[in-house]
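Trainee: no sequence on hand, only this structure:
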């Protein structure tokens, strides 16, 4: 992998690229991190148990990027493109005709506090909205648990306006709650190019 490969999005000192098998160990550690499980991964998303559990996600990500459809990308430093720092994904939660992308991201515990998520969010948002290789969406949005203050700082720093709160919207894991799940209020952020 080099930063000149066609299958990368460059920006903000980062490479956003398709995940590969060599990413599995760091991806698994990130997915199983207690903070990620508590505030990042919805309760309905399966938590991988082994690195092999990530193989389907890797295959789907490659197909999605090749066809400019929603999927997951790895965040890596431009100076070390083979080392996973986190993942960032885009999806279409509303009808595609609305041209609205939803984004989610996770950062490996040893890469937190270095601006990785903010920089990845800015790079992916540019690609989604204004890059000729991207899907030319009119709006990008994300939401996070109101308890996830770090994610709020990331969104604001990347130029996403805070637009409101959805009450009891996101079911997250909580071993102390009935059934092991508690619904969180989420803060909604949006980005519209030129606004």
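Mentor: Arrived safely. Bear in mind that the values here come from a model prediction, so they are computed numbers and not experimental data. Residues are numbered from 1 along each chain as shown.

Trainee: quick one: average confidence on the longest strand anywhere in the chain?
Mentor: Scanning the chain for the strand with the most residues, using DSSP state E, yields strand 161-173. If you average the pLDDT over strand 161-173, you get 97.

Trainee: so how far is it from its chain's centroid?
Mentor: 16 Å (CA atoms, centre = their mean, to the nearest Å).

Trainee: and the helix or strand just after it, what does it pack against?
Mentor: Using DSSP states H and E, the next helix or strand after strand 161-173 towards the C-terminus is strand 181-191. Judged by 3 or more CB pairs under 8 Å, 6 or more residues apart in numbering; DSSP states H and E, strand 181-191 is in contact with strand 139-145, helix 149-157, strand 161-173. From N, CA and C alone the C-beta is placed, and that goes for glycine too.

Trainee: report the buried residues of strand 181-191.
Mentor: For strand 181-191, the neighbour count (16 or more other CB atoms under 10 Å) marks 182, 184, 186, 187, 188, 189, 190, 191 as buried.

Trainee: avg pLDDT for that strand?
Mentor: Here the average pLDDT along strand 181-191 is 98.

Trainee: bridging residues for residue 106?
Mentor: residue 87 (DSSP bridges).
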